[in-house]
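A.B. asks: Please work out how this folds:
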Amino acid sequence: MKHTRLSSRELNHDVSSAKKAALKGPVVITDRGRPSHVLMTYESYERLTGKRRSLVDALSMPGLSDIDFDTPRANIAGRDVDLS
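C.D. replies: Down below sits the predicted model:
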């Protein structure tokens, strides 16, 4: 993964190019020559933090219909109850 390094001053002067660079990988922002912050896309952030998807999102994934998933039908039988 490619990362870009920008000083705080460079970031302040050209935020749009920093955002474009973040599409390719993390952008390390330095303060007085030392790394201080990282700019990344929100999608990358969610992937790093392990955000869980909802069931609806998981089931609507593209290509999911191509997976064969046949489960045996459950046979649930009732039981007699003694109410005496």
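A.B. asks: can you map out the helices along the protein?
C.D. replies: For the chain, applying DSSP state H gives helices covering 8-13, 15-22, 42-49, 55-59.
A.B. asks: Now these in a markdown table, please, with extra columns for mean neighbour count and distance to residue 2.
C.D. replies: Heads up, the C-betas are built off the backbone N, CA and C, glycines and all. Formatted as a markdown table, the helices of the chain follow (neighbours: other CB atoms under 10 Å; distance: least, CB to CB, whole Å):
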| stretch | mean neighbour count | distance to residue 2 |
| --- | --- | --- |
| helix 8-13 | 13 | 17 |
| helix 15-22 | 14 | 9 |
| helix 42-49 | 11 | 13 |
| helix 55-59 | 9 | 28 |
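A.B. asks: and residue 35, which of those helices is closest to it?
C.D. replies: For the helices of the chain, the distance to residue 35 is smallest for helix 8-13, at 11.0 Å, taking CB to CB.
A.B. asks: Who are the packing partners of the closest one?
C.D. replies: Contact partners of helix 8-13 among helices and strands, from 3 or more CB pairs under 8 Å, 6 or more residues apart in numbering; DSSP states H and E: strand 27-31.
A.B. asks: Report the distance from the helix or strand bottoming out on mean pLDDT in the chain to the chain centre.
C.D. replies: Here the helix or strand of the chain ranked lowest by mean pLDDT, DSSP states H and E is helix 55-59, holding a mean of 75. Mean-position distance between helix 55-59 and its chain equals 14 Å (CA atoms, centre = their mean, to the nearest Å).
A.B. asks: For it, output the C-alpha coordinates as PDB.
C.D. replies: The C-alpha trace of helix 55-59 is given here as PDB (Å, rounded to 0.1, in the frame of the first residue of the first chain):
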ATOM      1  CA  LEU A  55     -27.500  -8.300   8.400                       C
ATOM      2  CA  VAL A  56     -29.200  -6.500   5.600                       C
ATOM      3  CA  ASP A  57     -25.900  -5.100   4.400                       C
ATOM      4  CA  ALA A  58     -24.300  -8.500   4.600                       C
ATOM      5  CA  LEU A  59     -27.100 -10.200   2.700                       C
END
